[in-house]
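Participant: Just to be clear, the model below is a prediction. Sequence and coordinates:
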Amino acid sequence: MRLVTFDCGQGARLGAFTASGIRDLGPRSMMDAIADLAAIRAACEGAPLVTACKLLAPLPRTPKNIFCVGKNYHEHAKEFAGSGFDGGAKDVVPPFPVVFSKPHTSIIGHGEPILSALDPTGGLDYEGELAVVIGTGGRGIAKADALRHVFGYTIVNDVTARHLQKRHSQWVLGKGLDSFCPMGPAILTADEVPDPGALTLSTWVNGQRRQHAPVSDLIFDIPTLIEAISAGITLEPGDVIATGTPAGVGIGASPPVFLKPGDIIRIEVPGIGVLENPVA
Ligand code: MG
């Protein structure tokens, strides 16, 4: 199923994208779908279709910060090292996953503006990423069991203020600003994704393609990330892990190209959909 959170003026509701359009599953939340997907499937039969509703982030508020993974595609790790924006790093390719987080107050939905004014340093950049949504929580999840803990997959734009990322060394202040985590448009449930490595991710800025890579190019694959994060932190249903961005970000260009008000960032993972946000 392809599940969405939407608002037609009555507050957040759960919906399912079908061939006929979005079916209204009522005043439920995505957490209800994570808790009992079979009940949601049953409710979808004959549910009314809705039109002209605003999509919200599929998980407008995650249980804890969104986990993110830095430098997780080989070509991106190279372009980031070459940019000089990573002064503290010793290795181009990290020996272990680089994990940081963004507060849930950074989450916005498809179509909502990225607030460039919150970065006073003029270094706004995009990072298109596949994100994993945890269904069954746990601590100490083994790699071999990891995909059984996944509820589904969505898209995240790991928006970054590059100068803030650099000057504060730790990445949360450069990446955790309000509106810096566009998410959506939908969550594709894991039963429809037998191999997440077979998904591809592409990003366009103002119609020009900047990123295009198969998820199989990840340095640390999704089971490895789940094993590493859950080794000492309990993952909970609804937790989100953004898996890292491929090559082609603005900081990788020479000279760097940063975003400006009016730019449109469009990220597509076929099967999940298109996440598009303007820069305000
Ligand atoms: Mg990222």
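Facilitator: Yep, that arrived.
Participant: how deep is Pro214 tucked in, by neighbour count?
Facilitator: Per other C-beta atoms under 10 Å, the neighbour tally for Pro214 reads 13. To be clear about C-beta, it is placed using only N, CA and C from the backbone, and glycine gets the same treatment.
Participant: Over to Gly250?
Facilitator: Here the neighbour count serves as a burial measure; for Gly250 (other C-beta under 10 Å) it reads 21.
Participant: And for Ser40, the neighbour number?
Facilitator: Ser isn't right for residue 40; it's Ile. Per other C-beta under 10 Å, the neighbour tally for Ile40 reads 22.
Participant: Find the nearest non-adjacent residue to it, please.
Facilitator: The spatially closest residue to Ile40, leaving aside those adjacent along the chain, is Ala33, at 4.6 Å (C-beta to C-beta, 6 or more residues apart in numbering).
Participant: Do I have it right that the one you found meets Thr5?
Facilitator: No. In this structure Ala33 lies outside contact range of Thr5 using C-beta atoms under 8 Å: 9.6 Å.
Participant: Pull up the overlap in contacts between those two.
Facilitator: Common neighbours of Ala33 and Thr5, counting by C-beta atoms under 8 Å, 6 or more residues apart in numbering, are Leu14.
Participant: Can you tell me which residues in the stretch 51-200 of the chain are near the ion?
Facilitator: Applying C-beta under 5 Å from the ion, one finds that the stretch 51-200 of the chain approaches the ion through Glu127, Asp158.
Participant: Run a quick neighbour tally on the residue of the stretch 51-200 of the chain found nearest the ion.
Facilitator: Across the stretch 51-200 of the chain, no residue is closer to the ion than Asp158, which sits at 3.3 Å (C-beta to the ion). Asp158 is surrounded by 27 other residues when neighbours are defined as other C-beta under 10 Å.
Participant: Also His168?
Facilitator: 12.
Participant: do the same with the one 10 residues further on
Facilitator: Residues within reach of Asp178, counting by other C-beta under 10 Å, total 13.
Participant: which residues touch it?
Facilitator: For Asp178, the set of contacting residues under the criterion of C-beta under 8 Å, 6+ apart consists of Thr105, Ser106, Leu115, Leu118.
Participant: go again using 10 Å as the cut-off
Facilitator: Contacts of Asp178 were listed using C-beta atoms under 10 Å, 6 or more residues apart in numbering, and they are Pro103, Thr105, Ser106, Ile107, Ile108, Ile114, Leu115, Leu118.
Participant: Of all pairs in those, which one is the farthest apart?
Facilitator: Taking every pair in the contacts of Asp178 and measuring C-beta to C-beta, the maximum separation is 15.5 Å, between Pro103 and Ile114.
Participant: Can you pick out the residue with more neighbours from those two?
Facilitator: Set Pro103 next to Ile114 and count neighbours by other C-beta under 10 Å: Ile114 wins out with 25 against 17.
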